[in-house]
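Visitor: just coords:
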């Protein structure tokens, strides 16, 4: 018996199903079969039935396609579990046949598409598209299939279909003929059929499926639960645009057509055609329509749809809207991020105003979950505890929900690729990969440092570069970098001597050898995989090989075993489908990756993320008309929804529409209607309606526009204006806009932080506030024992020292992406490093050829002619500088002076290098900078405090632009102690000392400038201007964090600047520069 149950409320249909299930089947062990369109619908239904029945058990939820094939196999026992005409199998079969297309003109379009296809990827893509078309023909055009098999058409699709059908395998159309014949004569084992089947949450079914259900209804109780938005007959209504298109050409048969309810007529075409199609089948009907409760805008719209009212007509005049009516909200924002931020505040307001509302009563859907998912995570997951809303995101795909799946595809993407440093090391970020190679996060950071310092950029080795039509040079490849690491551990030296043309890297020490060994093992396995991935194999061989890859790279824990099982299942499906298609051609990696991705994407999201107790975020997909108190749709912009779908050029159904055909655009329109009907208290819509660049107005989705047209026509705003003005809220660009905290009651924010920011923004200024407003407690006495290098590091940036050493704040230690291209130009830091290395080698007496070889092996030089030019220019600078340096510093320096000074409560330790009979010499092949003065001065004070025998108490600094000589200083220990006192102050508070600005200030004072002029010069260095080629000193990350909006160039700055730098100039003789 065929039973049709109709209601405008899914809850009523579910409760009616519960009553049905309360009636026991003949066998107490028999399983009830419930057909649902999605995992989300099945989960909601299971929860609802459990609530009504006390328990939901022994129910078998099935998808429609699975159910139909199982029923067909129950009647036709010879059918296999999987048909060779199922789309994944059919794709392989078509791919095999496409290799054999003949030279006849009918196959010219196919040959044109395939073109030059050495790796068969285009052949696979075309096979999938043809399979998709054929699958639709089997469901919606069975008469075409029968006609083609009878030889009635001669185009290439008909011929290709005849080739497919030639092997005698039964397809769906043939099977249905046999199926209906057996059902008609009863010649089958009826015990194989279920006693009762319930189908619920399905918005439309193809005519072929309805015929199957009607046939089964002779032996099985078929209960079809239909969500019908209207209790009246609405099969004759047409959208206004369709009636306008008919115009004066309306035939007598079309004269009865009417609009009825404009929203139902415009959005409900898919449901209208399906319900109208049902009228041709004998059935028992049950109606359970319910009047929407409430007199607000949302419920009146739902009521008008239920009763087929045309609100705004003479028969049903417009209704007034209450000023406080917020049952339909439309929020217009400047971008997706603002949409999510606004949504968070609006949900908080709803929870506050409706105390019985729970997070689980809210669903928010979006047409683009890939874009909005990360933004939802960012906003909702970062909210403070008192504003935190529990949530879950479904439908992000197996990649997002299963990190191991993404890592697996990253591995496959490396096949034949560049193997750039970031790609390779990103694999080691996976815990499962780390466990396989016995590594941890600390090891990974060490490997990142090694990779950066030995200059690994991309490529396995020199030979691998030739596939990109580049010279076979080993520089910056993994092989070259690993050779440096391994040789450096085996032959430790000074990092300046080549062995076999390789420069050892000397920074691998002790226990790090095990990490290096594991890195070597990982890269060997990875490079071996690359060779295998570039081979062509049969699908069965690929499945076997990729099973091995999983064993080689992953050591999963219990939760990750499930993710690995998904991949193994996909591999077995790949093998099984190809075997069923008898496909044995070798294919390339791109084909296999595409097949596996399609299989992964075809699987629905894990149902556990849907209805998990918090706010549910999910994609807008058909048949998800589940009722919620609050239903939200975000991302409803003009180009986002309804989603555009352009059929392939050879899709014969595209220009031959029949009633009952599926249209993805009509699917989206009907889903919007179902969404409107599923909201019980509030329908929340948002879209990007204002340009983030120039604030120009952007249109919403055409469906939102149709909704606005309907409410404007059928309702009157509280102030006499259009209803749209009352329900649309246009939000400011910034979340901290003062408009959220004054004026319009529809604009608000729950963020205290944003309120504070708004308060400052409203004044156009911010209160001066540094990071520390009070002194820190005195540190441990161990900090009074300080090294010379440690003291230098403090004075180079006291704020950085305090934040890092006392507060543990390291804002500059975020993960830095590795370089993935060879250097074609050297930045300032890299160029300085090259110059210093070349200078040391020059001073050792190395020949230019050897210096160049060391520089090239270290990865410091660009490749080719550019590198040659860089080296020549650097060599000239080094030669000039070394000549000047050699006059004051011999190649063989005196032994370094060990420093151990007790200065009151402080102890200063370290080493002084550059010692000569005439004093100490320091140098740097660069222009003289503030940090060079600090280095020179501190070492000069130490030298004078120790006064070693046989050494003049003079210091000499050689820079590229000048020489600076310091004469002996009186009371060096007193000056050194004063600097140590400044250091001790800086361990407890932010010292207002900034070397570059301080030097500029003192230099101007030395030149006889006034204090105001000197401070102006310092401020120019601190704040910068449009004409400087270097960044202002204030842009330093630590200065920005420490001093925020304060002006630290105050009296303390001037005092400390003079305390540090003024004595230096007192020790410089009259003509210090040469």
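Guide: Received it, and whenever you're ready, just let me know what you need. Since the model is a prediction, treat every value here as computed from it, not as a measurement.
Visitor: Tell me which stretches of the stretch 101-250 of the chain form strands.
Guide: Taking DSSP state E, counting those that start in this stretch as the criterion, the stretch 101-250 of the chain carries its strands at 196-200, 221-227.
Visitor: Let me know which of those strands is the nearest to residue 996.
Guide: Nearest to residue 996, of all the strands of the stretch 101-250 of the chain, is strand 221-227, at 71.1 Å by CB to CB. The way it works is simple: take the backbone N, C-alpha and C, and place the C-beta from them, glycine included.
Visitor: Centre of the chain to that closest one, how far?
Guide: On the basis of CA atoms, centre = their mean, to the nearest Å, strand 221-227 sits 41 Å off its chain's mean C-alpha point.
Visitor: re the thing from before, closest to residue 612 out of the strands of the stretch 101-250 of the chain?
Guide: Ranking those by their distance to residue 612 (criterion: CB to CB) puts strand 196-200 first, at 21.6 Å.
Visitor: Point out the other helices and strands that that closest one packs with.
Guide: In terms of contacts (3 or more CB pairs under 8 Å, 6 or more residues apart in numbering; DSSP states H and E), strand 196-200 is packed against helix 10-21, strand 32-35, strand 221-227.
Visitor: Which one of those lies nearest to residue 267?
Guide: Residue 267 sits nearest to strand 221-227 of all the helices and strands packed on strand 196-200, at 13.5 Å, using CB to CB.
Visitor: in its sheet, what does that closest one sit against?
Guide: strand 2-7 (parallel), strand 196-200 (parallel) (DSSP bridges).
Visitor: and it with helix 10-21, angle?
Guide: Angle of strand 221-227 versus helix 10-21, following axes from the mean of the first three to the mean of the last three CA atoms, to 10 degrees, is 170 degrees.
Visitor: For residue 739, see how far away residue 953 is.
Guide: 68 Å (CB to CB, to the nearest Å).
Visitor: quick one, which of these two is more surrounded?
Guide: Taking neighbours as other CB atoms under 10 Å, residue 953 and residue 739 compare with residue 953 leading, 18 against 15.
Visitor: helix/strand/coil for that one?
Guide: Under DSSP: H, G, I helix; E, B strand; the rest coil, the three-state class of residue 953 is coil.
Visitor: Which pLDDT value goes with it?
Guide: The model reports residue 953 with a pLDDT of 94.
Visitor: what about residue 347, neighbour count?
Guide: Residue 347 has 22 neighbours, counted by other CB under 10 Å.
Visitor: And the residue nearest to it when sequence neighbours are not counted, which helix or strand is it part of?
Guide: Nearest non-adjacent residue to residue 347, counting by CB to CB, 6 or more residues apart in numbering: residue 389, 5.9 Å away. Per DSSP states H and E, residue 389 falls between elements, in no helix or strand.
Visitor: Next one: residue 389 from residue 370, what distance?
Guide: According to CB to CB, residue 389 and residue 370 sit 22 Å apart.
Visitor: Show me which of the two is the more surrounded one.
Guide: Counting neighbours by other CB under 10 Å for residue 389 and for residue 370 shows that residue 389 has the greater number, 17 against 13.
Visitor: My guess is that one contacts residue 381. True?
Guide: No: at 9.9 Å, residue 389 does not count as touching residue 381 under the criterion of CB atoms under 8 Å.
Visitor: which other residues reach the lengthiest strand in the chain?
Guide: As assigned by DSSP state E, the longest strand anywhere in the chain is strand 679-688. Residues from elsewhere that reach strand 679-688 (CB atoms under 8 Å, 6 or more residues apart in numbering): 298, 326-336, 339, 342-343, 346, 350, 354, 357, 364, 627-638, 640, 675-676, 698, 700-701, 704, 707.
Visitor: ok so, going back, right, and the strands paired with strand 221-227 - which one's nearest residue 71?
Guide: Across these, residue 71 has its closest neighbour in strand 196-200 (8.2 Å, CB to CB).
Visitor: Give me the average confidence score over that closest one.
Guide: Strand 196-200 comes out at a mean pLDDT of 94.
Visitor: contacting residues around that strand?
Guide: Contacts to strand 196-200, defined as CB under 8 Å, 6+ apart, come from residues 13-14, 17, 20-21, 25, 32-36, 41, 45, 64, 67, 213, 216, 220-225.
Visitor: Of those residues, grab the buried ones for PyMOL.
Guide: Applying 16 or more other CB atoms under 10 Å to the contacts of strand 196-200, the buried members can be selected in PyMOL as follows:
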select buried, resi 13+14+17+20+21+32+33+34+35+36+41+45+64+67+213+216+220+221+222+223+224+225
